[in-house]
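> turn this into a model:
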Amino acid sequence: MRKFATRLMICVLVLVTPFGAAVAAASAQHAAVRIEVPNTDNLQFLTLWVALGASFFQQEGLDPHIIAAAAPRSVGALMFKGEADAALLPPPMFLGMMAEEKPVLLFASLLANEPINLVVRKDVAQAKKIGAGAPLRERLRAIMGLRIGLAGEVAPRLRALFASVGLDADKDVQLVVVAGPGQVQAFADGKIDALFAHTPYLETVLVKHHAVLIADNSAGEVPELAGGQIHALATTRDTLRAKPERIAAVTRAIARALVLIHSDPKAAVDAILVSGHAGSDRSQLEAIVAIYGAAVPLTPEISLAGIERDASLYPAHPRAPDFARIRAADYVAAEFAQGAARR
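Okay, here's the model as predicted:
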């Protein structure tokens, strides 16, 4: 019943807002574009949700259709079958496709900085006198010896965070692997002192459990985890040849969303709610947009250096590419982002 009420509220929003009016008036005459995603409620994909909720696709003459992959690790399968025009790919997926030399081309960046951040319990922050304005090294030294909860595959990024200030995460803190939703419970129960996490766990502990952010990777605090290539939209070489104007229009819609996120966070939150790809807790949504807003790039241009750096930070699926043998540039269609930036 609750889910039905939430969906009904979203439908009402679509009907009564200018965003929704544009969708209703134009969808019949616009060119359809099918976008495959790993899942439909991940706020790391906020750039796409903003573009949808703000009707930027419709403003570019498109009728967007979001298609969920059968499983997050299978995203891209529908795109390669010709059943989707584009796919939203996280680093493990696009790295694996490059390793297998699949005909994939990244064309629009959705996220450039690391979405995983480090928070501590409020009582820990108070006891250790961790000041928000203190240098990062001081903040991390203050939690030496404490327990940090994290998912198993994100440890390389935590190590990069500590190494950036001359510390060793494996020696200076206790790494406690906690899977999925268990991270929030372990944090709330005091089984861990700190949490290295992304959405939805990050905003949950910040809002519901008054966690204190002590390492803001999303804001670019650590150069090794900033200005890279996280999530991106991709297409196939065949689709690009057949529908170049459609891919260009998708890129322009994404460019509009990036501008809105940076210029008007409140409007970005409104757009995400209208899109229907977020929960109904506005306070948590505002918290994560405030953090992730700094992580989205200013333009949709793909970072070639970021792609190569990803290979050392993310677990490629099924394996990492050998960039001594292949070129990242061969898997990027840079002209669309460049064209969007010139508008």
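> rest of the way, CA atoms for contacts and neighbours
Will do.
> the helix or strand harbouring L233: partners in the sheet, and parallel or antiparallel?
Element membership of L233, judged by DSSP states H and E, is strand 232-236. Strand 232-236 pairs in its sheet with strand 86-89 (antiparallel), strand 104-109 (antiparallel), by DSSP bridges.
> with distance to G339 added, can I get the ones you listed in CSV?
Below are those laid out as CSV (distance: least, C-alpha to C-alpha, whole Å):
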stretch, distance to G339
strand 86-89, 18
strand 104-109, 11
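> present the ones you listed as TSV; the columns should include mean neighbour count, mean pLDDT and distance to H209.
Below are the strands paired with strand 232-236 laid out as TSV (neighbours: other C-alpha atoms under 10 Å; pLDDT from 0 to 100; distance: least, C-alpha to C-alpha, whole Å):
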stretch	mean neighbour count	mean pLDDT	distance to H209
strand 86-89	27	98	31
strand 104-109	27	98	32
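> for L195, which of the ones you listed is the nearest?
Judged by C-alpha to C-alpha, the one of the strands paired with strand 232-236 that comes nearest to L195 is strand 86-89, at 25.3 Å.
> and of the strands paired with strand 232-236, who's closest to A242?
Among those, strand 86-89 comes nearest to A242, with 12.6 Å by C-alpha to C-alpha.
> got the contact list for that closest one?
Strand 86-89 is contacted from outside by 34-38, 75-76, 79, 231-236, using C-alpha atoms under 8 Å, 6 or more residues apart in numbering.
> rerun that using 7 Å as the cut-off
Strand 86-89 is contacted by residues 34-37, 76, 79, 231-235 when judged by C-alpha atoms under 7 Å, 6 or more residues apart in numbering.
> H65: neighbour count?
When neighbours are defined as other C-alpha atoms under 10 Å, H65 has 14 of them.
> okay, now P244: neighbour count?
13.
> where do the helices sit along the stretch 151-300 of the chain?
Per DSSP state H, counting those that start in this stretch, the stretch 151-300 of the chain carries helices over the ranges 155-163, 169-172, 182-188, 201-208, 237-242, 244-263, 265-275, 282-292.
> could I get those as CSV with mean pLDDT and distance to L89?
Shown next, in CSV, are those (pLDDT from 0 to 100; distance: least, C-alpha to C-alpha, whole Å):
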stretch, mean pLDDT, distance to L89
helix 155-163, 98, 19
helix 169-172, 98, 29
helix 182-188, 97, 25
helix 201-208, 98, 21
helix 237-242, 98, 16
helix 244-263, 98, 15
helix 265-275, 98, 19
helix 282-292, 97, 18
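> with respect to A334, which of these lies nearest?
Proximity to A334, assessed across the helices of the stretch 151-300 of the chain by C-alpha to C-alpha, is greatest for helix 244-263 (10.6 Å).
> tell me the helices and strands packed up against that closest one.
helix 46-53, helix 56-59, helix 335-342 (3 or more C-alpha pairs under 7 Å, 6 or more residues apart in numbering; DSSP states H and E).
> highest mean neighbour count out of the ones you listed?
Looking across the helices and strands packed on helix 244-263 with neighbours counted as mean count of other C-alpha atoms under 10 Å, the highest average goes to helix 46-53: a mean of 27.
> dump the C-alpha coordinates for that helix into PDB.
Output in PDB follows, covering the C-alpha atoms of helix 46-53 (Å, rounded to 0.1, in the frame of the first residue of the first chain):
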ATOM      1  CA  LEU A  46      21.600  11.100 -10.300                       C
ATOM      2  CA  THR A  47      22.700  12.800 -13.500                       C
ATOM      3  CA  LEU A  48      20.400  10.500 -15.500                       C
ATOM      4  CA  TRP A  49      17.500  10.900 -13.100                       C
ATOM      5  CA  VAL A  50      17.800  14.700 -13.200                       C
ATOM      6  CA  ALA A  51      17.800  14.600 -17.000                       C
ATOM      7  CA  LEU A  52      14.600  12.500 -16.900                       C
ATOM      8  CA  GLY A  53      12.800  14.400 -14.200                       C
END
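> contacting residues around that helix?
Outside helix 46-53, the residues that touch it by C-alpha under 7 Å, 6+ apart are 19, 57, 110, 253-254, 257-258, 268, 271-272, 274-275, 277.
> report the angle between that helix and helix 282-292.
In terms of direction (axes from the mean of the first three to the mean of the last three C-alpha atoms, to 10 degrees), helix 46-53 departs from helix 282-292 by 120 degrees.
> quick check: angle from helix 46-53 to helix 244-263?
Using the same axes, to 10 degrees, helix 46-53 lies at 110 degrees relative to helix 244-263.
> report the angle between helix 46-53 and helix 265-275.
Put simply, helix 46-53 runs at 70 degrees to helix 265-275, going by the same axes, to 10 degrees.
> what mean pLDDT does helix 46-53 get?
Here helix 46-53 scores 98 as its mean pLDDT.
> which stretches in the stretch 1-150 of the chain count as helices?
Using DSSP H, counting those that start in this stretch, helices in the stretch 1-150 of the chain cover 2-16, 18-26, 46-53, 56-59, 77-80, 91-99, 122-127, 136-141.
> I'd like the distance between F80 and A69.
Note on F80: its distance to A69, by C-alpha to C-alpha, to the nearest Å, is 12 Å.
> pull the helix or strand with minimum mean pLDDT from this protein.
helix 2-16 (a mean of 37; mean pLDDT, DSSP states H and E).
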